[in-house]
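Engineer: pasting the sequence and the predicted model now:
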Amino acid sequence: MPGEGFDSALKAAADFKAEGVGALFTLLGENVTDLTDANRVVEHYEEVLAESGEVHAEVSVKPTQLGLDIDQEAAYANLRRLARAAANARSFLWIDMEGSAYTERTVDLYKVVHAEHANTGIALQAYLHRTVGDVIGLIPARPAIRLVKGAYAEPGTIAFSAKREIDENYLALCTLMLPEVKRRNVRLVMATHDTDLIARAWRFGQALGLDRAHFEIAMLYGIRVDQQLRLAKEGFAVRDLISWGDAWYAWYLRRLAERPANVWFVARQLLP
Ligand SMILES: Cc1cc2nc3c(=O)[nH]c(=O)nc-3n(C[C@H](O)[C@H](O)[C@H](O)COP(=O)(O)OP(=O)(O)OC[C@H]3O[C@@H](n4cnc5c(N)ncnc54)[C@H](O)[C@@H]3O)c2cc1C
């Protein structure tokens with residue numbers, strides 16, 4: 001992350017915009033235990049959306065940051081409020097996918113909000129066995145899907161754990177959705193740093209007659225930036241997910257878990 005304040009995220013987004021890379025904003029934090037905090041998050045995002053016009057950023061929120069653990073109806077109401085704010089700002093609202101305890105409720109939440117607000121999308125995780133069913137169920141409603149591999153520790157009964165299997169499922173899901181990007185205007189964002197997977201999916205997209213501007217890719221701030229710039233230069237629609245906030249601990253641990261080499265990277269920065 002570029003810094004703990006939103007101003008640093010905005011500045012980073014402006015720098016990326018100059019390089020042809022769009023921004024996806026997210027305030028770090030999850031599992032709020034008080035609806036007052038959830039309301040504060042909504043108000044903060046409303047300000048973010050109002051200030052993001054210049055950089056054409058989209059925003060991404062976690063349902064548990066909007067109160068899903070406390071009161072499902074309140075979380076729905078908060079999400080609706082944000083979808084309206086995003087529409088007013090001519091922006092787009094994404095719903096992050098958290099651990100599997102929330103998947104069903106998050107997909108249900110998305111169905112309701114998307115029926116009212118077309119400018120909304122959901123993240124789905126390729127490591128979950130159920131995701132193919134979720135994609136098939138959502139396609140008739142012309143969803144926007146941000147496909148990720150998945151960042152939480154899930155049991156083998158519901159999730160693939162071998163990288164090869166996750167990658168195969170990721171590609172199979174892209175193969176399912178890419179024709180719908182062309183046919184039904186479904187929006188698919190490949191949110192991965194795996195440039196081999198991106199290249200393989202693009203070969204299929206190309207065969208379908210998709211143009212690069214409709215082939216969307218998203219990566220995290222600071223990871224494979226060279227690839228983000230290369231893909232943008234080649235004409236693909238690339239977004240960089242930029243986060244800020246002081247609740248970075250859980251998020252940071254997930255990043256370490258998916259790439260233990262980062263422990264050494266961080267240790268090196270701390271050592272004199
Ligand atoms: C825009 C975006 C949004 C996301 N939203 C969600 C979400 O809502 N829910 C969710 O569960 N997960 C989300 N994720 C995280 C995702 O599930 C993966 O955990 C994460 O992207 C790592 O997997 P990968 O697809 O990059 O593939 P990997 O196979 O893990 O990585 C491919 C290559 O990318 C590089 N790389 C990957 N991660 C790192 C890292 N941390 N540090 C340095 N290099 C790295 C390495 O070179 C690696 O070989 C999101 C990811 C992105 C990019």
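Structural biologist: Arrived safely. Residues are numbered from 1 along each chain as shown.
Engineer: so Gly156, which state does it fall into?
Structural biologist: For Gly156, the assignment made with DSSP: H, G, I helix; E, B strand; the rest coil gives coil.
Engineer: what segments of the stretch 1-150 of the chain are strands?
Structural biologist: Secondary structure of the stretch 1-150 of the chain by DSSP state E, counting those that start in this stretch: the strands cover 22-27, 58-61, 93-95, 120-125, 144-148.
Engineer: using JSON lines, lay out the ones you listed together with distance to the ligand.
Structural biologist: In short, each C-beta sits where N, CA and C put it, glycine included. Formatted as JSON lines, the strands of the stretch 1-150 of the chain follow (distance: least, Cβ to the nearest ligand atom, whole Å):
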{"stretch": "strand 22-27", "distance to the ligand": "6"}
{"stretch": "strand 58-61", "distance to the ligand": "7"}
{"stretch": "strand 93-95", "distance to the ligand": "8"}
{"stretch": "strand 120-125", "distance to the ligand": "3"}
{"stretch": "strand 144-148", "distance to the ligand": "3"}
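Engineer: pipe the ones you listed into JSON lines and attach mean neighbour count and mean pLDDT per row.
Structural biologist: Formatted as JSON lines, the strands of the stretch 1-150 of the chain follow (neighbours: other Cβ atoms under 10 Å; pLDDT from 0 to 100):
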{"stretch": "strand 22-27", "mean neighbour count": "23", "mean pLDDT": "96"}
{"stretch": "strand 58-61", "mean neighbour count": "23", "mean pLDDT": "97"}
{"stretch": "strand 93-95", "mean neighbour count": "26", "mean pLDDT": "98"}
{"stretch": "strand 120-125", "mean neighbour count": "24", "mean pLDDT": "98"}
{"stretch": "strand 144-148", "mean neighbour count": "24", "mean pLDDT": "98"}
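Engineer: so how far is the ligand from Glu54?
Structural biologist: Using Cβ to the nearest ligand atom, to the nearest Å, Glu54 is found at 21 Å from the ligand.
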